[in-house]
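1. this is the structure alone, sequence omitted:
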Ligand SMILES: C[S@@+](CC[C@H](N)C(=O)[O-])C[C@H]1O[C@@H](n2cnc3c(N)ncnc32)[C@H](O)[C@@H]1O
């Protein structure tokens, strides 16, 4: 099957977007809140950091990140979904350092060496490879030298050898782009764009991963 962007489910809209956080909690049988809290903790964000969040969703992640970056840091959240944007504004009202921008992440971004961290959570798998490469380039350009690109998404594994519930999630619930992403070597993909020094945290028996890569210092 030829993989095209119109197969993707990454642009979450309508009722699914309106109730996204609740749906995630239900689908994962209540596991999601503790998982995402742990993953954000594993980012090891510091007070005062500037974070670029690509495909930010409802603001749940931005609020968790705020606990680490404090008032002096900033989360710049890029999101195109109207319902997601509405949820983000509602959740983050009163926090002026959590800033939403209506901007596509798969087109060239205007940031140049401004951010300490770039975060992308359950978004990268939903693009064709050409767009993934563009997003990685955007992250590289937006980061300060020595900054970190953090990808929270599926790990790389053999889907055929995974248990039935993983195969069901990937092949029946997700779009075909997810399996394509899982089959590729994400570290190698990042290396080809110039990132190095990797660190990872694994979740859900190793099927999910926070992969952090560093932009080399000049
Ligand atoms: C699966 S959700 C993940 C949301 C959030 N990162 C999280 O972990 O909860 C994917 C998000 O990416 C957004 N998105 C998809 N394509 C995008 C694009 N080209 N530019 C900006 N946001 C996009 C969707 O609207 C949706 O909110």
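-> Cool, got the structure. For clarity, every value in this text was computed on a predicted model and none was experimentally measured.

2. what about the strands in the protein?
-> Chain-ordered strands for the chain, with DSSP state E as the definition, fall at 50-54, 74-78, 98-101, 115-121, 143-154, 196-203, 208-214.

3. between those strands, which one is nearest to residue 14?
-> Between residue 14 and the strands of the chain, the shortest gap by Cβ to Cβ is with strand 98-101, which sits at 19.3 Å. (Each C-beta comes from the backbone N, C-alpha and C, glycine too.)

4. does any bit of that closest one sit next to the ligand?
-> No: applying Cβ under 6 Å from any ligand atom, one finds strand 98-101 separated from the ligand by no less than 9.3 Å.

5. please name the strands paired to that strand in the sheet, noting orientation.
-> Looking at strand 98-101 with DSSP bridges, its partner strands are strand 74-78 (parallel).

6. quick one, the strand it pairs with and strand 50-54 angle?
-> For strand 74-78 and strand 50-54, the angle between their directions (axes from the mean of the first three to the mean of the last three Cα atoms, to 10 degrees) works out to 20 degrees.

7. residues in contact with strand 74-78: which ones?
-> 50-56, 59, 62, 65-66, 69, 88, 97-101, 103-105, 109, 115 (Cβ atoms under 8 Å, 6 or more residues apart in numbering).

8. repeat for stretch 210-218
-> Taking Cβ under 8 Å, 6+ apart as the criterion, the residues outside stretch 210-218 that touch it are 39, 42-43, 140, 143-153, 155, 186-187, 190, 194-201, 203.

9. interface residues of this structure facing the ligand?
-> 10-12, 55-57, 60-61, 78-81, 84, 104-106, 121-123.

10. mind checking how far the longest helix belonging to the chain is from the chain centre?
-> Among all segments of the chain classified by DSSP state H, the helix with the greatest residue count is helix 129-142. Offset of helix 129-142 from its chain centre (Cα atoms, centre = their mean, to the nearest Å): 13 Å.

11. same for that helix, what does it pack against?
-> Counting contacts by 3 or more Cβ pairs under 8 Å, 6 or more residues apart in numbering; DSSP states H and E, the secondary-structure elements packed against helix 129-142 are strand 50-54, strand 115-121, strand 143-154, helix 186-192.

12. list the buried ones in that helix?
-> Of all the residues in helix 129-142, those buried under the rule 16 or more other Cβ atoms under 10 Å are 131, 132, 134, 135, 136, 138, 139, 140, 141, 142.

13. kindly report the same for stretch 52-60.
-> Taking 16+ other Cβ under 10 Å as the neighbour-count basis, stretch 52-60 is seen to contain the buried residues 52, 53, 54, 55, 56, 57, 58, 59, 60.
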